[in-house]
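Colleague: Sequence and predicted structure below; questions after.
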Amino acid sequence: MKNLIYLLILCLPAVAGDTIQLMNRKSGDLGADRPAPARTAKKPGLTVSQEKVVTSWALKADEALNLTVTPHKAESKGYWMTVDASAFDRGIVLPLTAPGAFVRITPEPGLSGVEMLDPANLVLISEAGESFSNGSGMEKMVSAEQLERAGGKRLFPQGSAVFRMAESLGAGELVLFSENMDYNSGRRYVIDVFERGSDFGLELAAGNDTYMEGGQLDLSVAFTHKGNTIAPETLSASLIAPDGAETPLAVAAGRTELTTSLQNATATGTPGLWEVRVSAEAVIDGTLVRRDARTAFALVQPTAVFTGAVTVDNKPEGLITELAMDVAEAGRYEVRGILFGTDDRGQLKPLAVGNTADWLEPGQTALAMTFDRSVITESGLRAPFVVKDLRLIHQDRMSLLHRQETAFRITRK
């Protein structure tokens with residue numbers, strides 16, 4: 001029976017050398033219309049193979065595949081601030097909406113020789129004016145040795161202090177001081193406050209996990225209380241480049257859906273992992289509520305694009321789908337997609353993954369995915385076929401250049 005199906009497939013003429021077009025990209029898809037050479041150098045010492053690799057493997061027809069990209073949603077119940085040593089003499093206001101907050105104080109990255117912040121030297125003043133010193137206002141203080149075992153110097157660099165505020169301090173605006181430290185040293189510290197028991201939160205999500213240089217960054221922000229969205233009185237946002245450069249984002253009053261162009265912010269052409277930071281504040285029933293959240297996205301440069309033409313050939317070795325490309329920068333590129341076939345009830349089912357990688361020079365060229373004939377035959381699925389989750393990857397730059405949830409449809413006459 002399998003041999004009969006094999007012969008029938010070979011005899012069908014409809015896809016021999018046909019040229020079709022990629023579908024239009026939809027919301028959530030990634031891609032560019034024109035390529036451009038990268039303006040930044042590749043990582044030094046990185047070597048990649050120039051050998052062509054073509055693979056294909058079967059998928060189970062009943063395998064549940066979620067091909068819709070769902071970017072990470074950051075949920076924060078805390079905030080952070082950067083202060084210098086003199087602030088520990090003046091007093092640092094820490095607004096709290098619930099007792100028992102966790103506090104982490106770490107020296108600002110890049111500093112060396114920072115004096116150790118001993119929690120025993122910290123003094124906390126409750127909103128009622130009661131003073132807590134010598135560690136009396138803190139619980140679960142963590143030693144330097146415990147911090148080293150928990151996260152090492154990356155999470156807890158030398159000079160860090162971590163503690164939980166005592167429940168007896170309550171909520172409201174607490175004030176933090178430190179005794180026995182050099183207030184004029186100019187050293188800077190980052191204070192992170194996490195209120196695990198609070199009913200207030202801040203949610204932040206980007207519309208995508210990858211953006212093309214010059215595109216539109218869309219953000220959604222939700223300031224919440226017991227799951228209900230409330231309007232913050234102040235809202236600010238900024239973009240942080242891979243090199244640490246910060247660009248403020250304009251935020252209209254009362255807006256929680258933010259859209260901004262990446263054209264100016266990324267004019268330096270710095271690809272890599274970018275960060276978005278958002279701060280929100282409101283006074284609720286006389287209590288100041290502050291929340292900070294951050295999320296990240298990858299910024300890529302369109303060093304190659306699909307032109308839209310797809311040549312489909314039904315050959316003995318398999319179903320070959322060749323995608324025309326315009327390449328602006330030499331490199332090793334990978335094309336990958338998932339082939340779906342139609343079952344006896346007319347339903348699309350996962351069939352196989354096709355994957356090809358090769359070194360490409362600048363100019364008009366193509367990469368082809370081959371879906372193995374034996375895999376198609378053994379699946380029992382037939383046309384129409386649909387290729388989904390189509391991706392183009394610049395391997396030696398580790399950049400995702402194209403991602404399309406539904407890419408093209410293959411039919412037979």
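Modeller: Yep, that arrived. Numbering: from 1, shown residues only.
Colleague: Leu367 versus Asp117, what's the distance?
Modeller: For residue 117 the amino acid is Leu, not Asp. 55 Å (CB to CB, to the nearest Å). (Each C-beta comes from the backbone N, C-alpha and C, glycine too.)
Colleague: out of these two, which sits in the busier spot?
Modeller: More crowded of Leu117 and Leu367, by other CB atoms under 10 Å: Leu367, with 23 against 20.
Colleague: Which strands border the helix or strand where Tyr211 lies, and is each parallel or antiparallel?
Modeller: If you go by DSSP states H and E, Tyr211 is part of strand 210-212. Partners of strand 210-212 in the sheet, by DSSP bridges, are strand 287-300 (parallel).
Colleague: Starting from Thr303, give me the distance back to the closest residue in space to Arg25 that isn't next to it in sequence.
Modeller: In space, not counting the residues next to it along the chain, Arg25 is nearest to Gly31; the distance is 5.3 Å by CB to CB, 6 or more residues apart in numbering. Taking CB to CB as the criterion, Gly31 is separated from Thr303 by 13 Å.
Colleague: Are there residues contacting both of these two? Which ones?
Modeller: Leu401 (CB atoms under 8 Å, 6 or more residues apart in numbering).
Colleague: Which of those two has more residues huddled nearby?
Modeller: Ranked by neighbour count (other CB under 10 Å), Gly31 and Thr303 place Thr303 first, with 25 against 17.
Colleague: so the more buried one makes contact with Met398?
Modeller: No. Counting by CB atoms under 8 Å, Thr303 stays clear of Met398, with 11.8 Å between them.
Colleague: Which residue ranges of the stretch 251-400 of the chain form helices?
Modeller: Along the stretch 251-400 of the chain, the segments classed as helices by DSSP state H, counting those that start in this stretch run 262-265, 373-379.
Colleague: Return the most buried member of these.
Modeller: Burial of those is given as mean neighbour count (mean count of other CB atoms under 10 Å); helix 373-379 ranks first at a mean of 18.
Colleague: pLDDT on it, on average?
Modeller: In this model, helix 373-379 has a mean pLDDT of 95.
Colleague: same thing with stretch 108-128?
Modeller: 75.
Colleague: And it, end to end?
Modeller: Using CA to CA, to the nearest Å, the end-to-end distance of stretch 108-128 comes out at 31 Å.
Colleague: Neighbouring strands of the helix or strand that the strand holding Tyr211 is followed by in the sheet, and parallel or not?
Modeller: As assigned by DSSP H and E, the chain's next helix or strand after strand 210-212 is strand 216-225. Sheet pairing here is set by DSSP bridges, and for strand 216-225 it gives strand 200-206 (antiparallel), strand 228-230 (antiparallel), strand 257-261 (antiparallel).
Colleague: Can you report how many residues lie near the nearest residue to Leu202 once chain neighbours are set aside?
Modeller: The shortest distance from Leu202 to any non-neighbouring residue, by CB to CB, 6+ apart, is to Arg291 (3.5 Å). Neighbourhood size, Arg291 [other CB under 10 Å]: 26.
Colleague: what's across from Arg291 in the sheet?
Modeller: Note on Arg291: beta-bridge partners Ala280, judged by DSSP bridges.
Colleague: check contacts around it.
Modeller: 76-79, 200-202, 223, 279-281.
Colleague: ok, these vs Val93, which is closest?
Modeller: For those, the closest approach to Val93 (CB to CB) belongs to Tyr79, at 11.7 Å.
Colleague: pretty sure the residue nearest to Arg25 is in contact with Leu400, am I right?
Modeller: No. Gly31 is beyond contact range of Leu400, at 9.9 Å (criterion: CB under 8 Å).
Colleague: Overlap in contacts, the two.
Modeller: Joint contacts of Gly31 and Leu400 (CB under 8 Å, 6+ apart) are Leu392.
Colleague: how many neighbours does Asp89 have?
Modeller: Asp89 is flanked by 14 other residues according to other CB under 10 Å.
Colleague: Gly341 too?
Modeller: If we define neighbours as other CB under 10 Å, then Gly341 has 23 of them.
Colleague: Pull the contacting residues for it.
Modeller: 348-349, 351, 376, 379, 381-383, 385.
Colleague: And Val193, by the same measure?
Modeller: Contacts of Val193 by CB under 8 Å, 6+ apart are 78-80, 94, 96, 101-103.
Colleague: ok, 7 Å please
Modeller: Contact analysis of Val193 by CB atoms under 7 Å, 6 or more residues apart in numbering lists 78-79, 94, 101, 103.
Colleague: separation between it and Thr68?
Modeller: Taking CB to CB, one finds Val193 at 35 Å from Thr68.
Colleague: about what we covered before: looking at the strands paired with strand 216-225, which one is packed in the most?
Modeller: Stretch with highest mean neighbour count among these: strand 200-206 (a mean of 21; mean count of other CB under 10 Å).
Colleague: so for that one, what's the average pLDDT?
Modeller: 93.
Colleague: Relative to Asp218, which of the strands paired with strand 216-225 is closest?
Modeller: strand 257-261 (4.8 Å).
Colleague: pLDDT of that closest one, averaged?
Modeller: Mean pLDDT, strand 257-261: 70.
Colleague: cool, stretch 290-300 as well?
Modeller: Mean per-residue pLDDT for stretch 290-300: 95.
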